[in-house]
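>>> sequence-free structure coming up:
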């Protein structure tokens, strides 16, 4: 039975297509959790960028931040709230 909630589940981490193990892990976890909830659209990721240009992310990524920019962490918190 799918988990029911009106809240969102947000994962913060590297995300594919960024090439690293953490990106693969975050992507896999995000997809797995989305399959287990009643409203998969309530599951999304905030991706960490290691370049100023960022990446072209899939729809699951709703926000991205440059990992060395403290102000962008604050913007991500505002976005979640």
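Perfect, I can see it now. Nothing here was measured: the structure is a model prediction, and the numbers come from that model.
>>> What separation is there between residue 79 and residue 61?
12 Å (C-beta to C-beta, to the nearest Å). Heads up, the C-betas are built off the backbone N, CA and C, glycines and all.
>>> Check residue 47 too.
Taken as C-beta to C-beta, the span from residue 47 to residue 61 is 5 Å.
>>> which residues do those two both contact?
residue 15 (C-beta atoms under 8 Å, 6 or more residues apart in numbering).
>>> more crowded one of those two?
Between residue 47 and residue 61, counted using other C-beta atoms under 10 Å, the more crowded position is residue 47 (28 against 20).
>>> Pretty sure the more buried one sits against residue 20.
No. Residue 47 is not in contact with residue 20 according to C-beta atoms under 8 Å; the separation is 11.6 Å.
>>> Common neighbours of those two, please.
Between them, residue 47 and residue 20 share the contacting residues residue 14, judged by C-beta under 8 Å, 6+ apart.
>>> which SSE is residue 48 in?
strand 43-49 (DSSP states H and E).
>>> pLDDT below threshold where in this structure?
With pLDDT under 70 as the threshold, the chain has low-confidence stretches at 1-5.
>>> Enumerate every residue touching residue 7.
residue 42 are the contacts of residue 7 under C-beta under 8 Å, 6+ apart.
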